[in-house]
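K.L.:
Give me a model of this one.
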Amino acid sequence: MALCHAAGILSFTDMDRKVIIYQVFTRLYGNAVESPRKNGSIAENGCGKMNGFGAAELARIKALGVSHIWFTGIIRHATQTDYTAYGIPQNHPAVVKGKAGSPYAIVDYYDIDPDLAEDVPARMQEFEALVTRAHEAALKVIIDFVPNHVARQYHSICKPDGVRDLGEGDDVQRGFDPQNNFYYCPGCALSPQFDTRVDGFGPYVEMPAKATGNDRFDASPCVNDWYETVKLNYGVDYYAGRVGHFDPLPSTWLKMLDILLFWAGKGVDGFRCDMAEMVPSAFWGWATARVKAKHPEMLFIGEVYNPAEYRTYIASGFDYLYDKVGMYDTMRSVTCGYAPATAITGAWQAVDDISGHMLYFLENHDEQRLASDFFAGDGRRGKPALVVSALMRRCPFMLYAGQEYGERGMDCEGFSGRDGRTTIFDYWSVSSLRRAALGQLCADEQELHRFYTSLLNMAATEKAVADGEFFDLMYANPWSGSFDSSRIYVFLRKAGSELLLVAANFSGTAQQAEVVLPSHAFDFLCFGEKRALATDLLSGDRQYFMLRRDGGVSMSIAPWGARVWKMKVTANK
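P.N.:
Numbers count the residues shown, from 1 in each chain. Have a look, this model is predicted:
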C-alpha cells in the first residue's frame, strides 16, 4: 500500500505540533548482541549505551514524527553488576530483581546508571552530551522521576554538597514521623517470605525493617510485592488512616524538589512520574509550581490509574496523565474483539472535560506488546487502533521502541518470563531493534514501519489533528447492513477549510461502509454541503464525496485498515 503523506513538511509552526513521545528503554536500545542468554550477565548479553544515540539515530527517531524522547532507566538503580571498582556500592542480590535490576528501584537520585556509560567515571558528562544531541535533533528529553519508593539499599554517593541523604536523621524508633523519609517497623528486622541468603553475600539484613514500596507496612513482604523497594514518607500517616501532616513541610518534600530541580538544571524537558497517585496531590501542587516557576516549559506526565483522581492531579500541576484504564483498556478490548467499536465513544466521553490532558498509548514498558500472543498476535492488527489513538483528539500519543516494527516481546529473558512484555529487569537484546539497525527487517516489518512513519507524521503535521475540532460519528451510524458499528469506528476532524473523515476497521474482513454525516456535524464544525474531492492520506486513493446533511458517503476499508480522507470544505452559510 502506498503511503503518500509527506513526512516532515509542516503547514504551521513546530510549537503547534501534536506531542508524540517515543519511549526507549535505554539499556536495551542499541544492544547488538545477537543471541543473549537467559539470566545472562552484562558481559554475556551486552547493554545499550547513551552514546549509541548519535545524530543519525536521533534523526531517524525524529523522522517518525516524534517530538519528545523518553529515556527510561537513566537514573542509577539497584543492580547485581559489580561496579565497586568505580567506587559504587554493591547491592545485595536478594533485593534486586533480575541481573540488571529494575529501573524503578533507584539507589542514587543524583547519579547516572553506569550500565549506560562507555566511560563509567564520565557517566554524567555522557548524559549531558546526550541531552545536547537530542536538542540538536529537535527532540525534547523526558526522563523518569520515581517519587514513591527507592531501592532498599538507597545511598547517594553523588549528592551535591549540603544535601542530606534520604533517611539521614530519621527517628527509626517511630513507625511514622512527618519528618522521617521512610516508614519503619520499630524493633522488627526485615523477614521476607523468601530466602535472602545468596552465596558470597549471606542473608540480607535490614533493621529495623522499612515499609515496602507497594504500601506494605509490615516486615514480611512476599515475592509478589515490590520487595526490592521501600516506601517514601511524604507526611501521610498510613497507620492512622492516611492522615496528612504537611505543616511544617515534610523533609521528603524538600529533598524531592531538590532532585527535580537538579535534573531540570541538566536540561531535561519533562518528567514521567512513576506511580504519581501513590504520592499525595498536595506535594505535586507544591512541587510542580516551584519547578515551573524556574522552568516554565517543563512537562509533568503522571502515571495515575484511578479516574476518580484524574482531575485532582491535573489541578496539582500535571500536564498529562496516562489514559490507561479508559482508552488503552478499551482500545485493547476492541482490537481483540472483546468489545464493539462503539465502546471507544464511551472511553473518550468519560474524560471529555480533560481530554487535552490524557496521554494515549498502545504499548509501554509495563504493558504487553501489541504484537504478542497475549494481545493482537500481529503488529499489523494494531493499525486501526493506532489510527484512532493518534488522530482522534488533541491529546499526546506515546509509542514504545520496537512497536513500529511489530516487536512481539515473546522472549523468556530471565527474571522476566515469556509474558509478552520486553524485560525491564534483564540484560537483553531486542530482536526487531537490533535487526532494524542492521537493515535486516522482513518485508512486513518494513511496511509496518512505513505505516507508523506516515501516520505519526500525519498526526504531527495535520492542523486538523493537532489543533482541530473533533466530532464522533458513531451515534449517527448504528449497526446496519451498510455499517458494522461493532467493527468500524468513524469520526471527523476539522481546522479552517480542511476536513478529515477517518474510518478504522477493527476486523480481519474488508468492509464496505456507508457513513452517515449528521446535520449536527455540519453545524458544529461549520461547513457547508458540497461535492468534495477527497484524498486518502494513507493510500493516495482519491474519490468524490457528496457532503449532504444526514446523507451518506461510501467507502471500502481493508482488513485491519483505515481511511483518512482529506478534503476542502466551505464555511456553513
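K.L.:
which residues sit against the helix or strand containing Leu321?
P.N.:
Under the criterion of DSSP states H and E, Leu321 resides in strand 320-322. Contact with strand 320-322 is made by 19, 299-305, 310, 313-314, 328, 357-359, 361, 395-396, as judged by Cβ atoms under 8 Å, 6 or more residues apart in numbering. Any C-beta I mention is one placed from the backbone N, CA and C, and that applies to glycine too.
K.L.:
Walking through this structure, point out its helices one by one.
P.N.:
For the chain, helices defined by DSSP state H occupy the ranges 42-45, 55-62, 123-136, 251-264, 281-294, 310-315, 329-335, 343-349, 383-391, 431-437, 443-461, 463-466, 519-525.
K.L.:
for the fourth one, the distance to its chain's centre please.
P.N.:
Think helix 251-264. Its chain's C-alpha centre and that of helix 251-264 lie 23 Å apart, by Cα atoms, centre = their mean, to the nearest Å.
K.L.:
who's in contact with the residue lying closest to Phe374 once chain neighbours are set aside?
P.N.:
With Cβ to Cβ, 6 or more residues apart in numbering as the criterion, Phe374 has its nearest non-adjacent residue at 3.8 Å, and that residue is Gly420. Contact analysis of Gly420 by Cβ under 8 Å, 6+ apart lists 368-369, 372-375, 408-410.
K.L.:
Identify the bridge partners of the closest residue to Leu359 other than its chain neighbours.
P.N.:
Spatially, and ignoring its direct neighbours in sequence, Leu359 is nearest to Tyr320 (4.4 Å; Cβ to Cβ, 6+ apart). Beta-bridge partners recorded for Tyr320 (DSSP bridges): Ile301.
K.L.:
dump the residue contacts of the most centrally placed residue in the chain.
P.N.:
Most central in the chain under Cα atoms, centre = their mean is Asn364, positioned 5.1 Å from the mean C-alpha point. By Cβ under 8 Å, 6+ apart, Asn364 lies in contact with 23, 398, 400.
K.L.:
Turn the residues you listed into JSON lines, columns for distance to Leu260.
P.N.:
Shown next, in JSON lines, are the contacts of Asn364 (distance: Cβ to Cβ, whole Å):
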{"residue": "Gln23", "distance to Leu260": "20"}
{"residue": "Met398", "distance to Leu260": "21"}
{"residue": "Tyr400", "distance to Leu260": "25"}
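K.L.:
Please flag which of these sit within strands.
P.N.:
The strands, defined by DSSP state E, take in 23, 398, 400 from those.
K.L.:
Now do the last one, the pLDDT please.
P.N.:
Going back to what we said before, that points to Tyr400. Looking at Tyr400, its pLDDT reads 98.
K.L.:
Would you check how far apart it and Glu462 are?
P.N.:
23 Å (Cβ to Cβ, to the nearest Å).
K.L.:
What is the burial count for Gly468?
P.N.:
When neighbours are defined as other Cβ atoms under 10 Å, Gly468 has 19 of them.
K.L.:
Quick check: closest non-adjacent residue to it.
P.N.:
Ala495 (3.5 Å).
K.L.:
and the one you found, what is it in contact with?
P.N.:
Shown in contact with Ala495 (Cβ under 8 Å, 6+ apart): 463-464, 467-469.
K.L.:
I would like a ChimeraX command selecting only the buried ones among those, please.
P.N.:
The buried residues among the contacts of Ala495 can be selected in ChimeraX (16 or more other Cβ atoms under 10 Å) with this line:
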select :463,464,468
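K.L.:
Closest one to Ser220 out of the contacts of Ala495, please.
P.N.:
Nearest to Ser220 among the contacts of Ala495, counting by Cβ to Cβ, is Asp467 at 53.9 Å.
K.L.:
can I assume the closest one is in contact with Arg393?
P.N.:
No. Look at Asp467 against Arg393 with Cβ atoms under 8 Å: they stay out of range, at 11.5 Å.
K.L.:
Against Ala401, how distant is the residue nearest to the centre of the chain?
P.N.:
In terms of Cβ to Cβ, Asn364 sits 10 Å off from Ala401.
K.L.:
Could you pull out the residues contacting both of these two?
P.N.:
Common neighbours of Asn364 and Ala401 (Cβ under 8 Å, 6+ apart) are Gln23.
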